[in-house]
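**Q** no sequence for this one, just the structure:
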């Protein structure tokens with residue numbers, strides 16, 4: 001490997017952000033490009049042909065981008081392969097994603113399946129904090145806020161309080177019909193999945 005081909009470490013994505021990205025991928029109406037050459041070609045069109053911009057985005061050299069585009073390189077290293085998949089799917093079918101996000105923000109909301117530690121204010125009751133597996137609705141109001149934060153470049157830490165509020169509203173307080181004023185801490189996420 002030459003200095004030109006040196007790669008930066010893969011970006012770390014939090015569980016909530018990754019779950020939102022997976023949910024969006026499930027709404028695609030056509031499969032995204034699979035080969036490295038096809039992914040590079042697609043991403044270059046999205047970058048308006050700029051190999052420099054795409055190289056910076058993927059954390060590789062311009063020469064590496066050119067080699068994949070030309071087909072002289074075909075099998076990317078794991079880090080580059082993950083970046084190609086991530087970037088391709090984040091740009092794939094923007095209109096389909098926008099329609100689903102609009103629907104979730106105005107009408108249908110989202111579903112969340114989560115296994116995490118939920119802590120409560122108060123001791124000695126059945127509501128003591130513990131790990132729980134919960135499947136519940138997220139209202140369109142919270143869905144809109146979550147999706148806007150995600151689009152705005154929020155981190156997982158930024159999203160955790162909002163997701164906790166959304167789960168508290170629908171699951172623990174049943175849309176405000178019980179346990180008014182309950183505050184729930186949402187930590188140690190084992191797994192999380194969203195559905196539109």
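**A** Looks like it came in fine. Keep in mind the model is a prediction, meaning the values are calculated, not measured.

**Q** All the strands of this structure, residue numbers only.
**A** 110-120, 130-138, 184-195 (DSSP state E).

**Q** which of those strands is buried the deepest?
**A** Mean neighbour counts were compared across the strands of the chain using mean count of other CB atoms under 10 Å; the top stretch is strand 110-120, at a mean of 19. Quick note: C-beta positions are derived from backbone N, CA and C, even for glycine.

**Q** That one relative to strand 184-195, how many degrees between them?
**A** Computed by axes from the mean of the first three to the mean of the last three CA atoms, to 10 degrees, the angle separating strand 110-120 from strand 184-195 equals 160 degrees.

**Q** shaky segments in the protein?
**A** For the chain, residues meeting the criterion pLDDT under 70 lie at 1-13, 120-128.

**Q** residue ranges for the helices of it, please.
**A** Using DSSP state H, the helices of the chain run over residues 15-25, 36-46, 51-58, 62-70, 78-91, 94-103, 140-151, 156-167.

**Q** which stretch among these comes nearest residue 132?
**A** helix 156-167 (9.7 Å; CB to CB).

**Q** So what touches that closest one?
**A** For helix 156-167, contacts defined as CB atoms under 8 Å, 6 or more residues apart in numbering pick out 13-17, 112, 114, 118, 134, 136, 138-139, 142-143, 145-146, 149-150, 184-187.

**Q** Put together JSON lines for the strands of the chain, with distance to residue 172 on each row.
**A** Formatted as JSON lines, the strands of the chain follow (distance: least, CB to CB, whole Å):
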{"stretch": "strand 110-120", "distance to residue 172": "8"}
{"stretch": "strand 130-138", "distance to residue 172": "9"}
{"stretch": "strand 184-195", "distance to residue 172": "6"}
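
**Q** looking at those strands, which is closest to residue 81?
**A** Closest to residue 81 of the strands of the chain, according to CB to CB: strand 184-195, at 23.1 Å.

**Q** can you list contacts of the closest one?
**A** Against strand 184-195 from outside (CB under 8 Å, 6+ apart): 15-16, 19-20, 22-23, 26, 110-120, 129, 131, 138, 160-161, 163-164, 167-168, 172.

**Q** one more time with 7 Å
**A** Contact with strand 184-195 is made by 15-16, 19-20, 22-23, 110-120, 129, 160, 163-164, 167-168, 172, as judged by CB atoms under 7 Å, 6 or more residues apart in numbering.

**Q** I'd like the distance from it to the chain centre, please.
**A** In terms of CA atoms, centre = their mean, to the nearest Å, the centre of strand 184-195 is found 13 Å from the chain centre.

**Q** before we move on, the earlier item: switch the helices of the chain over to JSON lines; also include mean neighbour count and distance to residue 180.
**A** Converted to JSON lines, these look like this (neighbours: other CB atoms under 10 Å; distance: least, CB to CB, whole Å):
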{"stretch": "helix 15-25", "mean neighbour count": "19", "distance to residue 180": "26"}
{"stretch": "helix 36-46", "mean neighbour count": "18", "distance to residue 180": "48"}
{"stretch": "helix 51-58", "mean neighbour count": "17", "distance to residue 180": "47"}
{"stretch": "helix 62-70", "mean neighbour count": "18", "distance to residue 180": "56"}
{"stretch": "helix 78-91", "mean neighbour count": "17", "distance to residue 180": "40"}
{"stretch": "helix 94-103", "mean neighbour count": "14", "distance to residue 180": "30"}
{"stretch": "helix 140-151", "mean neighbour count": "18", "distance to residue 180": "18"}
{"stretch": "helix 156-167", "mean neighbour count": "18", "distance to residue 180": "14"}
